[in-house]
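In: 3D model of this:
(chains A and B)
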Amino acid sequence: MAAKKLDKKTLRKSWFSWYVGNLSSMSYEWLESFGFAVSMIPVIKKLYGGDKEEEIAALKRHAAFYNTEPQLGAVINGIACGMEEERANGADIDDEVINGIKLGLMGPLAGIGDAMVPGMFIPLLLSIAIGLSAGGSPVGAIFYMITYLVSITAISYFIFMKGYTLGTKSVDMIVGEAAMRVRSAFNLLGSLVVGGVAASYVGVSTSWVIKLAGQEMVINDTLNGVFPNILSLLLVIICWLFMSKKRMSTLKVMGILVIVAVIGVFIGFF
Amino acid sequence: MNINILQAALIGMFAYLGSLSVPWFFGATGGWYILSRPLVSGFLIGMILGDVKTGVLVGVAVQIVYIALVTPGGQMPQDLNAAAYIGVGLGVVAVKGGASVEAAVSIATAVGAVGTIFHNFMMLTNSFFNHRAIEAINEGNYEKLRFHHYIGPQVIQFCYRFIPTFLILLYGAALANKIIEYFPVDSFVMRTLTALGGMLPAIGVAILLRQVIKRDIEIIYYLFGFVLIAALNINMISLAIIGAFFAYLHFLYLAPKEGRVAQAVTSSDEEEEL
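Out: Reported below is the predicted structural model:
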């Protein structure tokens, strides 16, 4: 019997199905389970086509609870395709092995993937886009749409294929030492650029005026003479301290700001 | 400014395409992570309403509040889609009616906080289709599985996203105009909304800092970026290039040449797991 092999076309179909449909039927109970199962349909048909019992068993295998960061998580789909291929060729891989690998990888990839994509890469692109869109220009929005779509689609496809060819070793590309250094460098870049965003777009100023010996002293100008936009600088740091040190939720900090705004306007600070 | 039926329907359509779980526009990558960003929605709404400039201005301002929003495991602390379409849509109308961009940010953020209801409803009702999908798997019925994965949940999701956006923008615009007339710019309410909208972007920046700063001293990166813009008045692209320069040096410096560095690498990796 000739060895069964997943061709490029089948792999592409599986990747695309995952890429568009990973969250389509998400619920608290199942999250990405069926996204994963549906993406395995082309693979299952190719490997077990005709043997209905094997097909159903494979579908069940891939409909177990599953949740990860879907874009970088495509690497796990690639790995699963590789393992199914080995299994179809008679390797001793049972349901538990495949599920164990999926469950073992989905957690770290969810954590690191969320930290990298929406936690770091998106804010970085958005910061640059916001700069480009200063004054209401559409350039930034178009820049973000194109760069994000092209880069993430390419990365998702690339690591899916790497997952298929390299197996579990491919995860090193995301969680390994070199990736850690890249992440650390991007963290620096992200914090620095967002500092610039804060300087341009956090707008806290006071309308307080103090009368001293007949002379009017505009507090906001005095403060900005000490350091430009110092109130905005401080507000960001205070919010950050609330969140990281006091572990306050975003909603709570927003509530505090609402109270500050009401009182501030009431006493004439703003 | 009023919004006609066609405009409201178009905005509602984009709101649906951009909501989490919709596969039709490049999946989560093209929908949730692109169309639901307020910067992009501001641009689209601006085009639909015939004022790109106002759309982008409101979009940018709202975007910063949500610049680093992460939604792990389907948890949604703030409904970005509602903020991006209902919120920015009403915000654009308010700004055209004379309100400040900051007031628009306050409105959009309030909508985002309330909008989580839509998301939570979807996460509950999709269980219905999930159970049918399990049946399909047990029968080995691929078409049925695909139907209950793609079509069923998406019909419901369309109702959750298109209908509220459409109705609120169609009928809410006139209401928003009345409210703005009632509360002029120098009224207590509008001044509070403006002050609040000026402060809210600080939360977006703080969320990002909480995520990327591993040791407290790294706040110096943020201060450095702030100073370059606030004191030296360079533009964002220049700042990104300066940042890239330092990031590259940082990357090189972290290269493991000795055991000491390798140790530092593992310890910071562990921190991240927490």
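
In: Go through the longest helix anywhere in chain B and flag the buried ones.
Out: Ordering each helix of chain B by length in residues (DSSP state H) puts helix B:101-139 first. Using 16 or more other Cβ atoms under 10 Å in any protein chain shown as the test for burial, helix B:101-139 gives B:101-113, B:115-116, B:118-119, B:122-123, B:125-126, B:129-130, B:132-134, B:136-137. Quick note: C-beta positions are derived from backbone N, CA and C, even for glycine.

In: Next SSE downstream of that helix?
Out: Reading on from helix B:101-139 to the C-terminus, the next helix or strand found by DSSP states H and E is helix B:142-146.

In: quick one: is the next helix or strand along the chain from that following helix near chain A?
Out: Scanning forward in sequence from helix B:142-146 by DSSP H and E, the next helix or strand is helix B:152-182. Yes. Figure legend: helix B:152-182 in contact with chain A (Cβ under 8 Å from any Cβ of the partner chain); contacting residues B:152-154.

In: Out of the residues you listed, which comes closest to A:His62?
Out: A:His62 has its nearest neighbour among these in B:Pro153, at 18.5 Å by Cβ to Cβ.

In: Tell me the pLDDT of the closest one.
Out: Here, the pLDDT recorded for B:Pro153 equals 94.

In: Could you confirm whether stretch A:54-63 reaches chain B?
Out: Yes. Remark: stretch A:54-63 sits within contact range of chain B at A:55-56, A:59-60, A:63, by Cβ under 8 Å from any Cβ.

In: List the buried residues of that stretch.
Out: By neighbour count on 16+ other Cβ under 10 Å, the buried set for stretch A:54-63 is A:54-56, A:58-59, A:61-63.

In: Next step: these restricted to strands.
Out: With DSSP state E as the criterion, strands contain none of those.

In: Turn those residues into TSV, including pLDDT.
Out: Written out in TSV, the entries for the buried residues of stretch A:54-63 read as follows (pLDDT from 0 to 100):
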residue	pLDDT
A:Glu54	91
A:Glu55	93
A:Ile56	94
A:Ala58	93
A:Leu59	93
A:Arg61	92
A:His62	94
A:Ala63	93
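
In: Contacts only, for the closest residue to B:Thr125 other than its chain neighbours.
Out: Among residues not flanking B:Thr125 along the chain, B:Ile156 sits closest, at 5.6 Å (Cβ to Cβ, 6 or more residues apart in numbering or on different chains). With contact taken as Cβ atoms under 8 Å, 6 or more residues apart in numbering or on different chains, B:Ile156 is in contact with B:122, B:125-126.

In: Dump these into a markdown table; add distance to A:Val204 and pLDDT as well.
Out: Formatted as a markdown table, the entries for these read as follows, by distance: Cβ to Cβ, whole Å; pLDDT from 0 to 100:
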| residue | distance to A:Val204 | pLDDT |
| --- | --- | --- |
| B:Met122 | 36 | 92 |
| B:Thr125 | 42 | 93 |
| B:Asn126 | 42 | 94 |
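
In: Go through these and say which is closest to chain A.
Out: B:Asn126 (3.7 Å; Cβ to the nearest Cβ).

In: Excluding chain neighbours, what is closest to that closest one?
Out: Setting aside the residues directly before and after it, B:Asn126 is nearest to A:Ser27 in space (Cβ to Cβ, 6+ apart), at 3.7 Å.

In: Can you give me the neighbour number for the one you found?
Out: Using other Cβ atoms under 10 Å in any protein chain shown as the criterion, A:Ser27 is surrounded by 21 other residues.

In: my guess is it contacts B:Asn130, does it?
Out: Yes. At 5.5 Å, A:Ser27 counts as touching B:Asn130 under the criterion of Cβ atoms under 8 Å.

In: Walk me through the domains of chain A.
Out: Domain assignment for chain A by automatic domain parsing gives A:8-170, A:202-266.

In: which one of the ones you listed is the most hemmed in?
Out: Highest mean neighbour count among the domains of chain A (mean count of other Cβ atoms under 10 Å in any protein chain shown): domain A:8-170, with a mean of 20.

In: low-scoring stretches of the stretch 151-270 of chain A, by residue?
Out: Per-residue confidence of the stretch 151-270 of chain A (counting by pLDDT under 70) places no residue in a weak region.

In: can you pull out the helices in it?
Out: A:172-175, A:177-201, A:219-226, A:230-244, A:250-266 (DSSP state H, counting those that start in this stretch).

In: who wins for proximity to chain B among those helices?
Out: Comparing the helices of the stretch 151-270 of chain A by Cβ to the nearest Cβ, helix A:177-201 comes nearest, at 2.6 Å.

In: tell me which residues in the closest one are buried?
Out: Going by neighbour count (16+ other Cβ under 10 Å), the buried part of helix A:177-201 is A:177, A:180-201.

In: Within reach of chain B, which of the residues you listed are there?
Out: When those are filtered against chain B using Cβ under 8 Å from any Cβ, the residues retained are A:177, A:180-182, A:184-201.

In: tell me which element the residue nearest to B:Glu102 when sequence neighbours are not counted is part of?
Out: With Cβ to Cβ, 6+ apart as the measure, B:Gly197 is the residue that lies nearest to B:Glu102, at 3.0 Å, once sequence neighbours are left out. When elements are assigned from DSSP H and E, B:Gly197 belongs to helix B:188-199.

In: can you give me how far that helix is from the chain middle?
Out: What separates the centre of helix B:188-199 from the centre of its chain is 21 Å, taken as Cα atoms, centre = their mean, to the nearest Å.

In: Buried residues, it. List them.
Out: Within helix B:188-199, the residues that qualify as buried are B:190-199, counting by 16+ other Cβ under 10 Å.

In: Stretch B:166-175 too?
Out: Of the residues in stretch B:166-175, those buried under the neighbour-count criterion (16+ other Cβ under 10 Å) are B:166, B:168-170, B:172-173.

In: for the residues you listed, which one is nearest B:Ile86?
Out: The shortest gap between B:Ile86 and any of the buried residues of stretch B:166-175 belongs to B:Ile168, at 5.3 Å (Cβ to Cβ).

In: Chain A versus the nearest residue to that closest one once chain neighbours are set aside, what's the distance?
Out: Closest residue to B:Ile168 apart from its sequence neighbours, by Cβ to Cβ, 6+ apart: B:Ile86 at 5.3 Å. Taking Cβ to the nearest Cβ, to the nearest Å as the measure, B:Ile86 falls 18 Å from chain A.
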